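**Q** Please work out how this folds:
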Amino acid sequence: GEEDLRIDIIEDSDKLGGRIALVDFAGQRYEAGASILHDVNRYASGLAAKHNLTLRRRVTKGLTAVFYNGKSAEVKVGGIASIIGLVLRFGFGTLVRMGAARDAIVAKFVNIYRFLDSGVAFRSVPDMLTAAAGGLADLVRLTEIPFRDYATANCPSEWRMSRDLIDTLITGGTRTNYGQTPETLTAFASLVSMAGTQHGRLFAIVGGNCQLAMLAAKDSAAKVHLESKVLSVTAK
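**A** All right, here's what the predicted structure looks like:
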C-alpha cells in the first residue's frame, strides 16, 4: 500500500536539482540551467504556491539579447524595438509559424495532467505521449526526428520555418537549454524549449529555482543519498 512506499533519491552530485543551480560571479548571483519556468508547468507553479515562494514574473526585464553573426550585431532584443527588429530580420510569416507550432505542441503536452489527476499510470514514455496527443503518435514521432528536418520539410506547412530563423533564433534557445543544436536535438525537445518565448507566462523563484527540487524531496519524505551512485539493482 501507499503507507509502505519508500522513496530513495540517488544523486551523484552534492546537491539536488540536476542542472538547476545558482552561480556566484563578479558579485552577482545567476541561475545556471533551468533559469526560467513556464506557468503551464503545474508541478513547478503548484509547489511554489504550496510553500509560499516568491515569484519573479518579469524574468527578462532590463535584459538585452544580441544576435551576433561573427562580424556585427544584427538584432538587439529588448523592448518594443526588438519586435520590429525581429520582424524585419526574419519575416513576419516565419515568426507566426514558429509560434503556432510551439503553441500546438505545448497544448497537447499539457493534456498529460488530466491523466495524472485521474491516477492513470503509463508503462512507457511513448505510451504517455500518445495519450497526451489524443491517441495519435504525433508527439512520439517528434522524439524520433531532428528539429531542423522536421521544421523545414516534415511538419505541417502552416508550421514550416525558415532555415535562417532556425540557425539564429531557435539555435540560441536549444544551445542555452540543452547544449545542442537543431541538427541533433529532437523536434519535441526543441518545440518544448520554445515555450520560453511565450511572453508573460514565464517566472523564476526568488532565491533560486533549485528550491523546488529540495522541497519536492522533502514533501515526498524521500531519503536522499547525495554523492552516491547506483552500482547494481537486484530483484527481490
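
**Q** and T176, what element?
**A** Element membership for T176 (DSSP states H and E) is helix 171-178.

**Q** tell me which residues in that helix are buried?
**A** For helix 171-178, burial by neighbour count (16 or more other Cβ atoms under 10 Å) applies to 171, 173-174, 177-178. From N, CA and C alone the C-beta is placed, and that goes for glycine too.

**Q** Kindly report the same for stretch 89-108.
**A** 89-90, 94-95, 97-98, 101-102, 105-106, 108.

**Q** likewise stretch 150-159?
**A** 150-151, 155, 159.

**Q** average model confidence for that stretch?
**A** Stretch 150-159 carries an average pLDDT of 89.

**Q** Using PDB, write out the CA atom coordinates for it.
**A** Taking C-alpha atoms only, stretch 150-159 is exported to PDB below (Å, rounded to 0.1, in the frame of the first residue of the first chain):
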ATOM      1  CA  TYR A 150      11.000  18.500 -39.000                       C
ATOM      2  CA  ALA A 151      10.600  22.200 -39.200                       C
ATOM      3  CA  THR A 152      11.900  22.700 -42.800                       C
ATOM      4  CA  ALA A 153      10.400  19.700 -44.500                       C
ATOM      5  CA  ASN A 154       8.300  17.300 -42.400                       C
ATOM      6  CA  CYS A 155       6.000  19.400 -40.400                       C
ATOM      7  CA  PRO A 156       2.600  20.800 -41.500                       C
ATOM      8  CA  SER A 157       3.000  23.600 -44.000                       C
ATOM      9  CA  GLU A 158       1.400  26.100 -41.600                       C
ATOM     10  CA  TRP A 159       4.300  25.500 -39.100                       C
END
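
**Q** before we move on, the earlier item: show me what the helix holding T176 is packed up against.
**A** Other elements packing on helix 171-178 under the criterion 3 or more Cβ pairs under 8 Å, 6 or more residues apart in numbering; DSSP states H and E are helix 187-193.
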